[in-house]
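>>> Could you work out the structure for the sequence below:
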Amino acid sequence: MSTSDERQARPRGLTFLAKSQLLSADDVARALRRMAHEIVERNQSSAQLSVIGLQRGGEPFATKLASTLSELLCATVPLGLLDVSFYRDDLSMNPVPESAMTAIGHDLTNRTVVLVDDVLFTGRTIRAALNALSDWGRPQSVQLAVMVDRGHRELPIRPDYVGKNLPTSRAEAIVATLEGVWIGTREPS
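This is a model prediction of the structure:
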């Protein structure tokens, strides 16, 4: 059995069971627009701005954020997608991560990179993303935008732009999409 066959055959093990919806699609759209305005206010030189979404959860938010920024700035803001699977520090616990394609079509050297993800939890995915970014150049600065900050940080990582702060217990789970944000639990499937 090949590595990709094993990955597909391996059970994922957990299913998300939603308890309630915390944000609607309109709330998410409003939060993304507000975050775009905050990014424009903070970054005087928008010519060097790049939006990089983390695969998979950050991709739709990054795409929408880059589109909104391009509209606000009347100039195209480059968009890229970053897979951090092989930069994670938990490979020993989960040796074959499900990976996606990294697609960054421009050098990040001397650019202001806005790294975008759906949910910020322990900070370990962001640490992996910072390591992965170094393969694509040396940014002047990296800023972090997340739709949901749920706390429980294990590393000293703090977002610059947040759609919504949602304190949770470790037993709870959050799912964030452009259609809304839900809180629930992860149960064995």
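>>> May I ask you to name the longest strand in this structure?
In the chain, ranked by residue count with DSSP state E as the criterion, the top strand is strand 14-24.
>>> what packs against that strand?
strand 161-165, strand 173-177, strand 180-188 (3 or more CB pairs under 8 Å, 6 or more residues apart in numbering; DSSP states H and E). Every C-beta, even on glycine, is put in place using the N, C-alpha and C of the backbone.
>>> Tell me where the protein has strands.
14-24, 49-54, 79-82, 112-120, 141-149, 161-165, 173-177, 180-188.
>>> Residues touching the longest strand of the chain, excluding its own?
Residues outside strand 14-24 that contact it (CB atoms under 8 Å, 6 or more residues apart in numbering): 31, 163-164, 166, 173, 175-176, 180-189.
>>> got a markdown table for the strands of the chain, with mean neighbour count too?
Conversion of the strands of the chain to a markdown table gives the following (neighbours: other CB atoms under 10 Å):
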| stretch | mean neighbour count |
| --- | --- |
| strand 14-24 | 13 |
| strand 49-54 | 25 |
| strand 79-82 | 22 |
| strand 112-120 | 25 |
| strand 141-149 | 22 |
| strand 161-165 | 19 |
| strand 173-177 | 20 |
| strand 180-188 | 16 |
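>>> Leaving aside the residues adjacent along the chain, what's closest to Val119?
Val148 (4.7 Å; CB to CB, 6 or more residues apart in numbering).
>>> Residue nearest the middle of this protein, spatially speaking?
Asp117 (1.2 Å; CA atoms, centre = their mean).
>>> if we can go back for a sec, wait, which of the strands of the chain is closest to Arg88?
strand 49-54 (11.6 Å; CB to CB).
>>> Sheet-wise, list the partners of that closest one with their directions.
Strand pairing for strand 49-54, using DSSP bridges, gives strand 79-82 (parallel), strand 112-120 (parallel).
>>> mind putting those in CSV, distance to Gly137 and mean pLDDT included?
Shown next, in CSV, are the strands paired with strand 49-54 (distance: least, CB to CB, whole Å; pLDDT from 0 to 100):
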stretch, distance to Gly137, mean pLDDT
strand 79-82, 11, 97
strand 112-120, 9, 98
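>>> would you list those in TSV and tack on distance to Arg153?
What follows is the strands paired with strand 49-54, written out as TSV (distance: least, CB to CB, whole Å):
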stretch	distance to Arg153
strand 79-82	21
strand 112-120	8
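>>> what's the closest of those to Asp135?
Here strand 79-82 is closest among the strands paired with strand 49-54 (CB to CB), at 9.4 Å.
>>> In contact with the closest residue to Gln48 other than its chain neighbours, which residues?
Distance criterion CB to CB, 6+ apart; nearest residue to Gln48, sequence neighbours excluded, is Arg111 at 4.8 Å. Listed by CB under 8 Å, 6+ apart, the contact partners of Arg111 are Gln48, Leu49, Ser50, Gly137, Pro139, Gln140.
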